[in-house]
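In: can you look at this prediction? I've put the sequence above it.
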Amino acid sequence: MRIGAKTMNRSWCGRPLAICAVGIAVAVATLAALVSAADFSASDALMLRLMSTHNVPGAALALIKDGSIVLEKGYGFRDLAAHAPVTTATLFNIGSISKSFTALGVAQLVDQHQVDLDAPVIRYIPDLRLSDPQATQAVTLRRLLSHTSGLPPDEQWPQQVPATRDGIVSEFASMPITAQPGTRFQYCSRCIVLAAYVLERITSQSWEAYTRTHIFAPLGMTIASFGPLGLEQAPDRAQPYRHDGVLGQVPIPWGRLQYLEPLGPGGGIDASVDEMARYALLQLDDGTMFGHRILSTQMMAELHRPEIVVGVDWTPAARAENLHYALGWFTADGPGAHLIYHNGGNPGFRARIVLVPSSKEGVVVLTNGESKPFIETTTQSLLDQRLP
């Protein structure tokens, strides 16, 4: 397997200080004593071994230590037919990590006193209709962003996603309220779309336009995009694959991802590992980037504060200690550290970002395969290597 790589010792502002190539398309930088070359060799070996084990065609990795990006690297292929390697600029769909971007956008509006997290959403969308009129007064932005609105989880919504965002919002009128608002975690991607719909009403912009202007641009996310069209149009983009026991790696048609256009706020962002590393730095530095404040310290803390216990009936809960959902983020207790994280998954893509606020460490893994065990095992193993 070929490794297309870039290893960096970066300053806080994100400019590479040293890059040099070693071996077959592997770049190893001169590192300021933060992390040794041996540590990177261990990371390389881990990634390649697990990619082979879990049939992952391509992956990108970023490591953050002490509030600085110390490693960015591509492994394997973004396109098997073209033998095109993954680079640190390759676009991947990041799936449900997009939810944290939507929460960040809403939080910016809170900072500007344009919305209140605890006001009924109907204040901002007067024409919103729910199946239970009483619930209309109880559904707030906080509850939408923390999956505690009382609306049902993803698996209980129609499998066919409406073609427009307006169509998604119209579905709410016929969906039952399955829990008292504020009392139960029920993972609901369409609820994130409704929160984004509020943002669109308040700002008179599409969620995409707002996100590009107020989040992507300040972070220097110049190639980040949205949905399958954003991937198709990018020259350096990952082709999604599913692994078949007989046929091997099978390309997934872009049409399979078309539902991400209306559902974008819940899972449609496309980004490179370099851009996601900067996004991780923003989260770890309490809302500043390049010396500019993007979100107040208070609102960043609000996004990360646990809102609701994730019950044991939710399958992944069995593998995490003290698992909660905050606003666009999961929180849990790892070995010796409190974690903030999120996974992302759509056909042909899996992604994971894990942050350790106490030590300003983080791991980002993006892939163009469908192995959830790969992203979970790699992030956990890499954190075990980095944490004292």
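Out: Great, that's in hand.

In: can you list the low-confidence ranges for this protein?
Out: 1-39, 315-319, 386-388 (pLDDT under 70).

In: now with 50?
Out: Applying pLDDT under 50 to the chain flags the ranges 1-38.

In: quick one, helices of it?
Out: 37-53, 98-111, 133-136, 141-145, 165-171, 189-203, 207-211, 217-219, 227-232, 264-267, 273-284, 297-304, 372-386 (DSSP state H).

In: quick check: buried residues in the last one?
Out: Going by neighbour count (16 or more other Cβ atoms under 10 Å), the buried part of helix 372-386 is Phe374, Ile375, Glu376, Thr377, Thr378, Thr379, Gln380, Ser381, Leu382, Leu383, Arg386. (Each C-beta comes from the backbone N, C-alpha and C, glycine too.)

In: so which of those comes closest to Gln112?
Out: Distances from Gln112 to the buried residues of helix 372-386, taken as Cβ to Cβ, are shortest for Thr379 (33.9 Å).

In: from Arg305, how far out is the closest residue to Pro158 other than its chain neighbours?
Out: In this structure, Pro158 finds its nearest non-sequential neighbour in Glu171, 7.0 Å apart by Cβ to Cβ, 6 or more residues apart in numbering. Using Cβ to Cβ, to the nearest Å, one gets 30 Å for the distance from Glu171 to Arg305.

In: out of these two, which sits in the busier spot?
Out: Glu171 (16 against 13; other Cβ atoms under 10 Å).

In: Pro120 is nearest to which of the helices of the chain?
Out: helix 133-136 (6.7 Å).

In: buried ones in that closest one?
Out: Ala135, Thr136.

In: keeping just the C-alphas, turn it into CSV.
Out: Taking C-alpha atoms only, helix 133-136 is exported to CSV below (Å, rounded to 0.1, in the frame of the first residue of the first chain):
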residue,chain,number,x,y,z
PRO,A,133,-49.3,21.3,19.7
GLN,A,134,-48.1,21.3,23.3
ALA,A,135,-44.6,20.1,22.2
THR,A,136,-44.4,23.2,19.9
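
In: so how far is Ser131 from the residue nearest to the spatial centre of the chain?
Out: Centroid-nearest residue in the chain: Ile97, 1.9 Å away (criterion: Cα atoms, centre = their mean). Going from Ile97 to Ser131 by Cβ to Cβ gives 30 Å.

In: now do the buried residues in stretch 137-151.
Out: 138-151.

In: do the same with stretch 200-214
Out: Glu200, Ile202, Thr203, Trp207, Glu208, Tyr210, Thr211, Arg212, His214.

In: quote the end-to-end distance of that stretch.
Out: 13 Å (Cα to Cα, to the nearest Å).

In: how about the strands in the stretch 51-200 of the chain?
Out: Remark: strands assigned in the stretch 51-200 of the chain by DSSP state E, counting those that start in this stretch are 58-65, 68-79, 84-85, 92-93.
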